[in-house]
Every structure is written in structure tokens, then in C-alpha cells.
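Chemist: turn this into a model:
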Amino acid sequence: MLGNSTRGLSPRNKRILYRVCVVPIATYGHRLWFFEGAKNKGALKSLTSMQRKAACWITGAFRTLPTGGTESLAGLPPIHLHLRKLSQRAILRTATLSDTHPLRSLFKGEHAKAATPMLGAACWASTERQKQVHDTISKSSVLLDELTEEFSSCVDENTPGIRLMDLFSERVGFESLTGRDKKALDSHRNLLNQLSYQAREDPSVALCGTDCSVPVRSSHQATAVFVIERVGHDQLASTWVAGRVLSADAELLAIRMIVSKAVTLENCTRIIIFTDSMAAARRAVDPSVHSGQAHSLAVCKTLSAWFRISEDHSVLFAESPSKLKWGLQHVAHNRARSLPPVPTGRRPATSLDSLRKRATDSARDAWITRFQDKTYCGHHFLPLIDTKGKPITPTYTKGGVWLSQVAEDPKSCARMCRAILDHAPISDYYRRFNIDKSQSCSCGAERQTRKHIFTWCPRLNTNARSPKLVKELLGFLQKNPLAFGFKPPSEGIG
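Modeler: Got it, this is the predicted structure:
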């Protein structure tokens, strides 16, 4: 109704429609039946069948193809891995609930907070009884124990009407980069130079640069750095260990520390902070519940008190992308990169976003590992590499590597998927599935295989070898519009 392999919605829009409208409805309430030890084999089988049909609809591939290969081409992770990711991220959201939320009454210890305990909950049962219980709540405490971050959902600074940006929005400014092309970067560099030159002539202005360093290895902690300069004063610099956090959380810590230090400087009326993360800058003045909320609350409290001292006090956050290598931000950047790695220790500070990202990465890595199994992706799946020579692996970012190349053309998408999976209207496919059609090629060859079409068939514009890159495959399909497609109807039919 909405489209097929030749017309209608584009593959990109089909995928968006499925992920936005179908998946949330199908997985609604999954925490009631998807947890460790739950008997959900039948439900997962139904959802897998649903996603298989959706993947065939999106890609225009045949119904005989392997489920894993179609899911990978459509950029759809296996449904059980998607549910595992959703469940783990939902468990982490429990930490953001208020201290008296009814759900906390089912927990024991530090996770119960101020909630009245429900003595009939599984956590109060004997050890032997707890081993026999399989439910969502009993499995949540294990993951919540790794989170060290505290949240305050009902704090005064988050009350509408008295929040920092409600009272002093005109004193907090943001100078963001308007584009990523060379012209926009040069224009923004001139703006940063102008701000710096003006500030260096005014002793009441504090110029600040922030940056952070997030290690690749999970056994090391992130670090945050800030640098402060004022006319007639020595440069100040400081380094802080942020813990096991993401770059936005580490940048937020750097902003918190630099604000706390700048407001104590004598005769300072204006603070200009150069940062490469405007998302962290805007989050710094947002007291609502989010990862790194403690840093934001500290910034809001400090600035509110500082603004009340004088009407001349103001703060400006100016974006300074790392690629510009500009001024104080670049000084902080070099300082952060020159620091030795800091071990995590027994229980490092761990943010909400870092655990949420770990859940996402775990599901993605499990998907990539499963993709290596030929029984999942298909024994005839065509291996392709990227421009760096690495094998292409499945991902759902931007629709995946394969689908993003033909996201607007249903015909090209269908032919590409059929070629990769080797499930196409060719004689070799008819032979494998015992379809009563000719098993020879129209050029006279005894067998019409995928390799024959790519490298030998005289009726096509062939290459010396099978395609290795996605663009090579698409180029071959463009030069041969009938390859891996159905033969057009005879003239006068239809």
C-alpha cells in the first residue's frame, strides 16, 4: 500500500516509519516480560517474524532470504538485542526518580532512598527464595550499583520561575558556530579574535578555556582541564579527574570548576568561557534531571549568587571547535592530551550517560559478533569493505552502511540487496530453490551465477573482479540496469 520494490516510499522513509511507529508499539511494556529468566520465547519469535517482514518491505528483498542478512542491510538490530538495550537503559532511568517514588519501595538499601519499604517485595525474602524469583525489579539493583551519580528531581533550583535562566537569561550568552564550512570557520575565528582582543584591554574580564580528555580504554578515567587569563595576572590552570564519564560530562565538570574559580576573582565582572562543546555549556545552566546534574546545580547556584551581587556581572559561552586550534581552548586541549592515563580504581565516579552508552555499545558489539556467523547473515552474503579496507559491519546509525547509499531509490535498493544476498531472479537462485525456470544465462553460459554476472557475462558491462566497495557495486548496477532485476515485460503487455 505504501510502497514496494519499484515505487512508493523510499527505503529511508520506510525504515523511519517502521522504527518510529511500529517498534515502540510492539515493544510497549517489554519490561514486564523481558528480563533474565523470563519465558518469552514465543513473544520473541513473533517479534522476530514481524521484523523480518519489515526488513523485506524496506529493502525489497525476497522472502526466501536469511533474516539476519536482511536485518543488517536494513539497519535493524536483532529484536532481542534491541530489547536488551531498552531494558538496561530503562533500569538506569530508575535512578532519576524522586526519593519517595513508589517504585523505590520495592528496592532495599541505598536505592530505596526515602520511600516506605514494601515488606512483601522480593528483596526482603530469604536468600533461597530470592534465587527462585525472576522479575524486573530484582535484576535492576545489580546495574544500579554501578551508577555513582546522584540526582535531585525536586531541588529548588529547578523550580519554574526561579531557575537561573528564568531570572538572569539576559546575562547568560551563547556564541555558537553557525556552519561547518571553511567560510563559517573563518568568520567564527574572527569573532573569537575580536572577543579576545576586547577582553585583553579590560582587567575586569576573565578569559577561560576548557577541554577534556576521554580515554579509549575503559580502565582509565576521563580528565577535565581549565585555563584562566586576566590582564595583569598570571595564567591559572587546573586539572580534575572526572571518572568513567563521556566527553560531555567531563566538559561539564570543567565548566563547573572554572565558574567556581572565576567568580572568586577580585573585580571580575564578566566571564568568557571558550569551549568546544556548546551542548555541555547549555547543559551547565539547565538544573533539570540529566547526566551530570550535580555539576549543573553547582553552576546555577554559583552564578545565581554572583549575579545578585551586581547587575554588571555576566557570562558568555563561546564555541571554539578543536579543529580551529584557537587560543585558550587549544591551550586547554593540549594540556588535557598531555596528561598520563589515570586508572579507574575500585569504584570510579560513573555517570548515567556512560552506562547508557555502554548498554548501547554492548548491543551493537553483540550484533557485530553475530554477523560474523554465516548462519545468521547467509552463506552467500557478499563481503564488502569500506574505504579504509576494513570489513563493513552492521550498524543502525543513519540507516546503516548499505541502506544509506540507496536510501531514496527503491529499485536500486532492491537490486543491491538481492545482489549482496545472492537471492535474485537469476538461474542459480532458481536452481537452489527448485524453481522450474531456465538455469542457463541468456548469453549461452551453462549457469548464471552472481560471479558470472559480475565478471564474465558478455551481455553486461562487467569488471575484472567482484565488487569490494559499496560504491563499486552501485556503479556496476548503474551501468547494468537489468542486472539482478526482473526482465521487463514484453512490448504491448500491461
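
Chemist: what does the pLDDT read for Ser196?
Modeler: Ser196 carries a pLDDT score of 90 in this model.

Chemist: who are the packing partners of the host helix or strand of it?
Modeler: Using DSSP states H and E, Ser196 falls within helix 182-200. Using 3 or more C-beta pairs under 8 Å, 6 or more residues apart in numbering; DSSP states H and E, the elements in contact with helix 182-200 are strand 205-213, strand 270-275, strand 314-319. (Each C-beta comes from the backbone N, C-alpha and C, glycine too.)

Chemist: possible to save those as a markdown table with mean neighbour count?
Modeler: Shown next, in a markdown table, are the helices and strands packed on helix 182-200 (neighbours: other C-beta atoms under 10 Å):
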| stretch | mean neighbour count |
| --- | --- |
| strand 205-213 | 26 |
| strand 270-275 | 24 |
| strand 314-319 | 22 |
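
Chemist: just send those strands back as CSV, with mean pLDDT and distance to Gln51 too.
Modeler: CSV is the format used below for the helices and strands packed on helix 182-200 (pLDDT from 0 to 100; distance: least, C-beta to C-beta, whole Å):
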stretch, mean pLDDT, distance to Gln51
strand 205-213, 93, 38
strand 270-275, 94, 41
strand 314-319, 95, 40
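
Chemist: can you list the ones you listed in CSV and add distance to Cys413?
Modeler: Shown next, in CSV, are the helices and strands packed on helix 182-200 (distance: least, C-beta to C-beta, whole Å):
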stretch, distance to Cys413
strand 205-213, 41
strand 270-275, 41
strand 314-319, 38
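
Chemist: what's the closest of those to Lys468?
Modeler: Nearest to Lys468 among these is strand 205-213 (36.5 Å), distances taken as C-beta to C-beta.

Chemist: now the angle from the helix holding Ser196 to strand 205-213?
Modeler: Per axes from the mean of the first three to the mean of the last three C-alpha atoms, to 10 degrees, the angle that helix 182-200 makes with strand 205-213 is 130 degrees.

Chemist: show me what counts as buried in helix 182-200.
Modeler: In terms of neighbour count (16 or more other C-beta atoms under 10 Å), helix 182-200 has its buried residues at 185, 188-189, 192, 195-196, 199.

Chemist: and which of these is nearest to Gln405?
Modeler: For those, the nearest to Gln405 is Leu185 (28.4 Å; C-beta to C-beta).

Chemist: give me the number of residues near the closest residue in space to the closest one that isn't next to it in sequence?
Modeler: With sequence-adjacent residues excluded and distances taken as C-beta to C-beta, 6 or more residues apart in numbering, Leu185 is closest to Leu324, at 6.4 Å. Counted by other C-beta atoms under 10 Å, the residues lying close to Leu324 total 18.

Chemist: per-residue confidence for Leu324?
Modeler: 89.

Chemist: contact partners of the helix or strand hosting Glu472?
Modeler: In this structure, Glu472 sits in helix 470-479 according to DSSP H and E. Residues outside helix 470-479 that contact it (C-beta atoms under 8 Å, 6 or more residues apart in numbering): 382, 384, 392, 401-402, 405-406, 412, 415-416, 419-420, 454, 461, 463, 467, 483-484.

Chemist: any of these buried? List them.
Modeler: Buried among the contacts of helix 470-479 (16+ other C-beta under 10 Å): 382, 384, 392, 401-402, 405-406, 412, 415-416, 419-420, 454, 467, 483-484.

Chemist: among those residues, which ones are in helices?
Modeler: 412, 415-416, 419-420, 454 (DSSP state H).

Chemist: picking that back up, how about the buried residues of helix 182-200 in JSON lines, adding distance to Val23?
Modeler: Shown next, in JSON lines, are the buried residues of helix 182-200 (distance: C-beta to C-beta, whole Å):
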{"residue": "Leu185", "distance to Val23": "39"}
{"residue": "His188", "distance to Val23": "39"}
{"residue": "Arg189", "distance to Val23": "44"}
{"residue": "Leu192", "distance to Val23": "43"}
{"residue": "Leu195", "distance to Val23": "46"}
{"residue": "Ser196", "distance to Val23": "49"}
{"residue": "Ala199", "distance to Val23": "50"}
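
Chemist: strands along the chain, start to end?
Modeler: With strands called from DSSP state E, the chain shows them at 172-175, 205-213, 220-229, 236-243, 270-275, 314-319, 342-343.

Chemist: the lowest-mean-pLDDT helix or strand in the chain packs against which elements?
Modeler: Ranked by mean pLDDT, DSSP states H and E, the weakest helix or strand in the chain is helix 127-132, scoring a mean of 76. Applying 3+ C-beta pairs under 8 Å, 6+ apart, one finds that helix 127-132 contacts no other helix or strand.

Chemist: which one of the strands of the chain lies nearest to Thr449?
Modeler: Thr449 sits nearest to strand 220-229 of all those, at 50.5 Å, using C-beta to C-beta.

Chemist: can I get the CA coordinates of the closest one in CSV?
Modeler: Presented in CSV, the C-alpha positions along strand 220-229 are these (Å, rounded to 0.1, in the frame of the first residue of the first chain):
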residue,chain,number,x,y,z
HIS,A,220,41.2,4.7,32.6
GLN,A,221,39.3,7.8,33.8
ALA,A,222,38.5,11.0,31.9
THR,A,223,40.1,14.2,32.9
ALA,A,224,38.9,17.8,32.7
VAL,A,225,41.1,20.9,32.3
PHE,A,226,40.6,24.7,32.5
VAL,A,227,42.8,27.7,31.9
ILE,A,228,42.1,31.3,33.0
GLU,A,229,43.8,34.5,31.8
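
Chemist: got the angle between that strand and strand 270-275?
Modeler: Put simply, strand 220-229 runs at 140 degrees to strand 270-275, going by the same axes, to 10 degrees.

Chemist: who does strand 220-229 pair up with?
Modeler: Strand 220-229 pairs in its sheet with strand 205-213 (antiparallel), strand 236-243 (antiparallel), strand 342-343 (antiparallel), by DSSP bridges.

Chemist: using CSV, please lay out these together with distance to Ala332.
Modeler: Formatted as CSV, those follow (distance: least, C-beta to C-beta, whole Å):
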stretch, distance to Ala332
strand 205-213, 4
strand 236-243, 8
strand 342-343, 17
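
Chemist: understood, closing this out.
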